[in-house]
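>>> Here is my input; please provide its structure:
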Amino acid sequence: MKIYLARHGDYENGPDDFTRGLSKKGRADIAAVAGALKEKGVNIHKTIHSGKLRAQQTAEILADFLMPATVLDKIDGLNPDDRPDSFVAEYFSDLPADTLIVGHLPFMGRMVSLLLTGNPDQSPQNFQAGTVVCMEQTGSGAWARLWTINPGDI
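Next up is the predicted model:
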């Protein structure tokens, strides 16, 4: 099973954290990342996001490139200060293969650390806006990081 952990793209400032949308730069960065993912042959079956507008918009752009008919779901537990161990316990047994998960810092970095080390606080991944990390579960149940794409690398 592969999962793609994505941090939302660059976003606009505003008074309401929940409704801050992607900036023009954020949209362009996510479209570039989506194109790179498509070139890698990434094919997703499900996309989930936190429900904050910038995460939803990021999920929509990525899903449009990778699998236009995919279902987008808002799921609780992906906000910045949520616990990745709680998210894994609640949702991972139901995730289909090749799922895209779009969220925020520090949650996403802590999720990578949890999957790789078993400890969300050990060495969290530093995600710049728009970064996607591909993780794969091995036959033994352990997780491995296969690759990372940053908008600045494209």
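>>> Which positions in stretch 37-55 come out as buried?
37, 42, 44, 46-50, 52-55 (16 or more other CB atoms under 10 Å). All C-beta atoms are positioned from the backbone trio N, CA, C, and that covers glycine.
>>> now stretch 136-153
Result for stretch 136-153 [16+ other CB under 10 Å]: buried residues 136-137, 143, 149-151.
>>> again with stretch 109-125
Quick answer for stretch 109-125 (16+ other CB under 10 Å): 109-116, 120, 124-125.
>>> Closest to residue 74 out of those?
Taking CB to CB as the measure, residue 74 lies nearest residue 111 of the buried residues of stretch 109-125, at 17.3 Å.
>>> So which residues of the protein form helices?
24-39, 53-66, 84-91, 107-117 (DSSP state H).
>>> between those helices, which gets nearest to residue 14?
Judged by CB to CB, the one of those that comes nearest to residue 14 is helix 53-66, at 9.5 Å.
>>> For that closest one, name the packing helices and strands.
With contacts defined as 3 or more CB pairs under 8 Å, 6 or more residues apart in numbering; DSSP states H and E, helix 53-66 has these neighbours: strand 2-7, helix 24-39, strand 46-49, strand 71-74, strand 99-103.
>>> returning to that earlier point: any chance of the helices of the chain in TSV, with distance to residue 11 and mean pLDDT too?
As requested, those are exported to TSV (distance: least, CB to CB, whole Å; pLDDT from 0 to 100):
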stretch	distance to residue 11	mean pLDDT
helix 24-39	6	98
helix 53-66	4	96
helix 84-91	22	94
helix 107-117	15	95
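>>> if I pick residue 73, what's in contact with it?
By CB atoms under 8 Å, 6 or more residues apart in numbering, the residues touching residue 73 are 46-49.
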